Every structure is written in C-alpha cells, then in structure tokens.
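# Dropping the sequence and predicted coords here.
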Amino acid sequence: MIFARFAAAPVRVLWALAIVGAGALPLTVSSYAQDAAAAITDVAPGSLTPEQIATDRAAWQKSDCASCHGWSGNGHDTGPVPPGPSLRATELEFVDIREVIQCGRPGTNMPSHDRLAYTDDRCYGMTSADIGADKPVKGLPLKPAELDAIASYVAGYLKGRTDITKDECEGYYGVGTAACSAYK
Ligand code: HEC
C-alpha cells in the first residue's frame, strides 16, 4: 500500500506530542477535555457521550467528508466526487485518523485539511517539493480543534459501526426525517 512509506515512526511520535500540546487549547470538544494528556491521544470506539457525539458530528457536518465517505461514513459517494472507503470499517486509531484528515493520503483522492500542509514538513516530514505529484489536493481548511473533533467522531462514533440504524439517521438529520424510516 502506498501509504506505508509515509507512515514512518518518528512522524507518529511527533504527532503524539503535538496533540498532547493541543490539550492546552480551550477545546469545546471534550472527549478528552477532562484528562487532556491521556485521552487526547486515543478515542476508543463507542466511548463518546451523547453531548460529545453531537459536538463532534457538527464539526464533521461542516466539513467535506460526507461528499466522499457518505453521511454515515459507510463509503457511499453522496456528491459529484469519487467515493472514499468506509470509515465504519477503518482499523486506524485516533492519532492516525487525525493525521490522514490533516495531511490527506498521498497519491489518492483523500484531501489534506491543514491549510499549511506541505508548506513545511508537518505532514509525513515532506514539503511540496519532496512529495511532487503525489501531493493530496486541499480540502476545506480545518483548525486543530476541528481536526480533533472530526477525528474523535470517526474513531469514537463511526468506527466499528455496522448497519445504519433509524436512531443514527435521526441523530444526523433530525427526529422525524422521512428518509430515516428506511432504517430500523
Ligand atoms: C474527495 C473525496 C474525499 C473527501 C472530501 C474526504 N475523503 Fe477521506 N478518503 C478519500 C479516499 C479516496 C480515501 C482512501 C485513500 C487510500 O486509498 O488510501 C480516504 C481515506 C480516508 C481515511 C483513511 C481510512 C483508512 O482506514 O485508511 C480517513 C480516516 C478519512 N478518509 C477521513 C476523512 C474525513 C474525516 C474527511 C472530512 C474531513 C474526508 N476523509 C474527506 C476520499 C475523501
């Protein structure tokens, strides 16, 4: 897999440090607010409170993820762009999910969402000059707290989910949404 060559261990360590540093920011997402140092590096599937899900989901809904991954993250294209894989079936952990959202996936359609990606070596240790034609296109720019929230939504809510439920659909689109009656 092409990504393997970008996943060097030192980059991951740097990232873990950067994310711990972000714990000092006044985060509104609080899957980790109570214990910034420990929890911010990992968000386990199914571990979010309803309030955290609502906050994290709002960040996902404001970004461009659903146009390729589908509203439910199941990998169905819902826009005029190529589909992305199911995020419900992802095996990545929080830190790696956040990195993919921030930096994109080189050589694929997965965009970067850090405004400054590849202007310095923050992404996989590479600048635009290093990465050349494999540089991911730019998605909507996201701030660090937004990257945290969306990565938390993927790792803590979407990951590991199987069938879409009516509750899930109504949580996303609102209670009573007609289209949600398609689900049980
Ligand atoms: C233009 C389409 C597009 C958009 C927009 C997009 N993605 Fe992706 N995404 C992809 C594709 C394609 C891949 C698969 C890349 C590959 O082949 O490795 C991917 C891969 C991923 C992965 C890695 C999954 C894994 O298990 O390896 C994550 C996590 C992810 N996307 C999250 C997001 C999030 C969150 C957003 C919104 C902030 C987003 N994506 C926006 C197309 C997109």
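It's in.

# Once you drop chain neighbours, what's closest to the spatially most central residue of the chain?
Against the mean C-alpha coordinate of the chain, by Cα atoms, centre = their mean, the closest residue is Ala151 at 3.5 Å. In space, and not counting its chain neighbours, Ala151 is closest to Arg98: 3.7 Å by Cβ to Cβ, 6 or more residues apart in numbering. For glycine as for every other residue, the C-beta is placed from the backbone atoms N, C-alpha and C.

# hang on, isn't that neighbour packed against Ala145?
No - if you go by Cβ atoms under 8 Å, Arg98 and Ala145 don't touch, sitting 11.4 Å apart.

# Who has more neighbours out of these two?
In terms of neighbours (other Cβ atoms under 10 Å), Arg98 is the more surrounded of Arg98 and Ala145; the figures are 27 against 15.

# hang on, Glu170 is in a helix, isn't it?
Yes - assessed with DSSP: H, G, I helix; E, B strand; the rest coil, Glu170 lies in a helix.

# does the closest residue to it other than its chain neighbours count as helix, strand or coil?
In space, and not counting its chain neighbours, Glu170 is closest to Cys180: 5.0 Å by Cβ to Cβ, 6+ apart. Per three-state DSSP, the secondary structure class of Cys180 is helix.

# Tell me the confidence at Cys180?
Looking at Cys180, its pLDDT reads 94.

# Over to His76?
With respect to pLDDT, His76 has a value of 80.

# can you pull the contacts of it?
70, 83 (Cβ atoms under 8 Å, 6 or more residues apart in numbering).

# Can you tell me how far it is from Pro85?
Per Cβ to Cβ, to the nearest Å, His76 is found 11 Å from Pro85.
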